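**Q** Turn this into a model:
(chains A and B)
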Amino acid sequence: MAKRIEASNVSSYYGSFKAIDSVSMTVEPKTITALIGPSGCGKSTFLRSINRMHEVLPNARIEGSLTIDDQNIYDPDVDVTAVRRMIGMVFQRPNPFPTMSIYENAVAGLKLNGVKKKSILDEAAEKSLRSANLWDEVKDRLDRPGAGLSGGQQQRLCIARTIAVEPQVVLMDEPCSALDPISTLAIEDLMFKLKDRFTIIIVTHNMQQAARVSDKTGFFSIDKTGDPGRLIEYDDTQKIFSNPAQKKTEDYITGRFG
Amino acid sequence: MGDYPSRSVNATAGDLGVTPRHARGAGSGASPSNFDEPPRGGGGALPKKARFSIEAGFRGLSTASGAMVLVIIVAIAVFLISKAIPALQANTGNFLTQFEWRPNEAQPSFGIAALAFGTVLSSVIALIVAVPIALSIALFLSHYAPKRLATPLGFVIDLLAAVPSVVFGLWGRDVFQEPVRDFSIWLNKYFSWIPLFGGDGPFGQSVLLGGLVLAIMVLPIVTSLSREVFQQTPGMNEEAALALGATRWEMIRTAVLPYGKPGVIAAVMLGLGRALGETIALALTLSVAFNISFNLIENGGNSVAANIANSFAEANDTGRGALIASGLVLFAITLVVNMTARAIIYRRREFRDSAA
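**A** Sure thing, here's the model as predicted:
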């Protein structure tokens, strides 16, 4: 249920603006990879390129190649919806569908994939909500609006919604930046649990979080505003935070810049 | 403006050989550039509240405007009811069931049923035709069309709303009637086994024509309101749907349509309100008949508002009272429609309000 991702020389553009330049990295299955770096350095753009959400924005395009278990996800013959089903995404701000109940939110992805049978949906709802450590908190009010939950619960609901379709990879774009420390901890615990089943890539501004949860860390940076972001260093998290190879990485993690 | 007692304090301080500006002390707030002025952050006694202010004046003005609406509504209602009652008392027929409109004779006899039915039928036809088209246009403009195309097209649609209804009426009567007649004959030929399309003619100046003209008139208002609502769908919900592997249309079904539903209902109801109250376009396109018939294509049909326009000029006192009574019925119909719409919107409010 988890796959290896290989990016080679990925450059992403917004119109004529180059947001990231030639990023190459390999992400092993069933690991957590953290992407860190200052604002505007292209971490999120790179993340969105992995499940082809980048191209949703007008005039956005990428160059280079991205493969998942040796399948090129940017192959013109590939169905983009299949890519996104395989590579789920959790966003920065919790975004449950406001018109749907907790239950409907949890199974929204399955319904999109044509699953209609009530018993399957019920089972999937419970399983995904349990996986997201949310079941005990919401099992008595599944028909209440999903947007009525607290921020942390909403984010876990979004994670449940994402993993309900059984993706191979889960991308998380600063999933805790809108949450309080206790909710953040709950999400981090959840990530450890999900690691057994999914490959996880997380963008975070919180270096302690990257150090706590990830196996590998990639450090992105830009020279100055307007320049494309680059992957400066990509290595084991332990190494990045104790003995980085690059001076820039060291400056960033010790708080001397960014 | 109040006076500033701090000044006298400073004066005393001056006697002690200290310049007034120093006497004010460090804690007395931000220092103004001109030291004869009091500090902006306070420092003296609090000034008194002004007795007359713009604040109070504006409050009074807006309260009066709000109250005026109620007064006008009540005045209109009293006027209409007081005019309608004598005519209803003089009516020798049954106002609710009589299929004729003869209020000007010595023995006045008139009934609302056929008019009310014609009004509702033509409006329903208009909505059945217009709403799907309007929603498709709105979705195209908000989610499919490139911006360069969407902006001018939206402008053209708004322009359609600015065409006066008498123009639509004349166009419907003189131009649109021909194709509708041909279409009606075709419908009659192949589908006469459906009662809606039966009859032996003549065809053309029918409820169908009136309904279609109404549909064109309702189209812009429903379109532009729905488009506005669809455009307000939070981008993060659209992205959530796309990230789950939704196609464009699935994304619209999952995120856009449910989010826009209350707004679309409101738009449709506004359209229905326009269709129900439309006068001149129907007066020009229908050929007057006083019966209840589900036949859409034969000449005939009537509506409350069209009947008022057609009959008001030659009406006597009782006749005018009768027309006013019919207007009250129209008002009641629109009221029921609006309240139904509100109820539908209200029922799901919990899901809407909790959305951030």
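**Q** quick one, domains of chain B?
**A** What automatic domain parsing lists as the domains of chain B is B:1-48, B:102-353.
**Q** right, and those - which one's nearest chain A?
**A** Closest to chain A of these, according to CB to the nearest CB: domain B:102-353, at 3.5 Å. Where you see a C-beta, it was placed from the backbone N, CA and C, and this is true even at glycine.
**Q** ok, now which ones touch A:Asn95?
**A** Shown in contact with A:Asn95 (CB atoms under 8 Å, 6 or more residues apart in numbering or on different chains): A:Cys158, B:Pro234, B:Met236, B:Asn237, B:Glu239, B:Ala240.
**Q** I'd guess it is in a helix, am I close?
**A** No: applying DSSP: H, G, I helix; E, B strand; the rest coil, one finds A:Asn95 to be coil, outside a helix.
**Q** circling back: and of the contacts of A:Asn95, the nearest to A:Val80?
**A** Checking these against A:Val80 by CB to CB gives B:Glu239 as the nearest, at 13.7 Å.
**Q** anything in the strand or helix carrying the closest one near chain A?
**A** Element membership for B:Glu239 (DSSP states H and E) is helix B:235-243. Yes: Helix B:235-243 comes into contact with chain A (CB under 8 Å from any CB of the partner chain), by way of B:Met236, B:Asn237, B:Glu239, B:Ala240, B:Ala241, B:Leu242, B:Ala243.
**Q** what helices or strands is whichever helix or strand comes after that helix leaning on?
**A** Toward the C-terminus, helix B:235-243 is succeeded by helix B:248-251 as the next helix or strand (DSSP H and E). If contacts are counted by 3 or more CB pairs under 8 Å, 6 or more residues apart in numbering or on different chains; DSSP states H and E, helix B:248-251 sits against helix B:235-243.
**Q** any idea of the mean pLDDT for the helix it packs on?
**A** Averaged over helix B:235-243, pLDDT sits at 92.
**Q** what's the answer for stretch A:61-70, then?
**A** Stretch A:61-70 comes out with an average pLDDT of 90.
**Q** List the buried residues of it.
**A** For stretch A:61-70, burial by neighbour count (16 or more other CB atoms under 10 Å in any protein chain shown) applies to A:Ile62, A:Gly64, A:Leu66, A:Thr67, A:Ile68.
**Q** Adding secondary structure and distance to chain B, write those out as TSV.
**A** Formatted as TSV, the buried residues of stretch A:61-70 follow (DSSP: H, G, I helix; E, B strand; the rest coil; distance: CB to the nearest CB, whole Å):
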residue	secondary structure	distance to chain B
A:Ile62	strand	16
A:Gly64	strand	21
A:Leu66	strand	16
A:Thr67	strand	19
A:Ile68	strand	14
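**Q** residues in contact with B:Gly319?
**A** With CB under 8 Å, 6+ apart, B:Gly319 has these contacts: B:Ala87, B:Pro103, B:Asn104, B:Pro108, B:Ser311.
**Q** can you pull the pLDDT of the second one?
**A** Right, the one you point to is B:Pro103. On pLDDT, B:Pro103 comes in at 84.
**Q** Grab the nearest non-local neighbour of it.
**A** What sits nearest to B:Pro103 in space, not counting adjacent residues and going by CB to CB, 6 or more residues apart in numbering or on different chains, is B:Ala322, at 3.7 Å.
**Q** give me the element that neighbour is part of.
**A** Using DSSP H and E, B:Ala322 falls in helix B:317-347.
**Q** Please state the offset of that helix from the chain centre?
**A** 14 Å (CA atoms, centre = their mean, to the nearest Å).
**Q** in it, what's buried?
**A** B:318-331, B:333-334, B:337, B:341, B:345.
**Q** ditto for stretch A:76-96
**A** Neighbour counts over stretch A:76-96 (16+ other CB under 10 Å) mark A:80-81, A:83-96 as buried.
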